[in-house]
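Q: Provided below are the primary sequence and the corresponding predicted coordinates.
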Amino acid sequence: MPKIYEVRDRQTKKSVYCGSFPQARRMLLEDPSRTVAEMEYDYKWQLVVMMNDVYRQGRDDVSSRVD
């Protein structure tokens, strides 16, 4: 299954998405306070659902003035 890795900084509430685990791990080693979430998908429509969740998360972060 294809995977995408979300690296989220807890302090700034910013997320970066990586296509491979080594990229995500490198970002995690640079700053251990970040978290890594692994997301799997089978079909393209699942990517669209993930993108909608990202937009929603960004909207919530901005509306709570965490940006």
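A: Arrived safely. Note that the structure is a prediction, hence the values are computed from the model and not measured.
Q: just want the phi and psi numbers for residue 4.
A: Taking degrees, to the nearest 10, you get phi -130, psi 140 for the backbone angles of residue 4.
Q: so for stretch 8-16, mean pLDDT?
A: Confidence for stretch 8-16, expressed as mean pLDDT, is 86.
Q: what comes up buried for that stretch?
A: Using 16 or more other CB atoms under 10 Å as the test for burial, stretch 8-16 gives residue 15. Backbone N, C-alpha and C define where each C-beta goes, glycine included.
Q: what distance separates the start and the end of it?
A: Using CA to CA, to the nearest Å, the end-to-end distance of stretch 8-16 comes out at 6 Å.
Q: what's the answer for stretch 17-37, then?
A: End residues of stretch 17-37 are separated by 10 Å (CA to CA).
Q: what's in contact with the longest helix belonging to the chain?
A: Counting by DSSP state H, the longest helix found in the chain is helix 44-63. By CB atoms under 8 Å, 6 or more residues apart in numbering, the surrounding residues in contact with helix 44-63 are 4, 13, 15, 17, 39, 41, 67.
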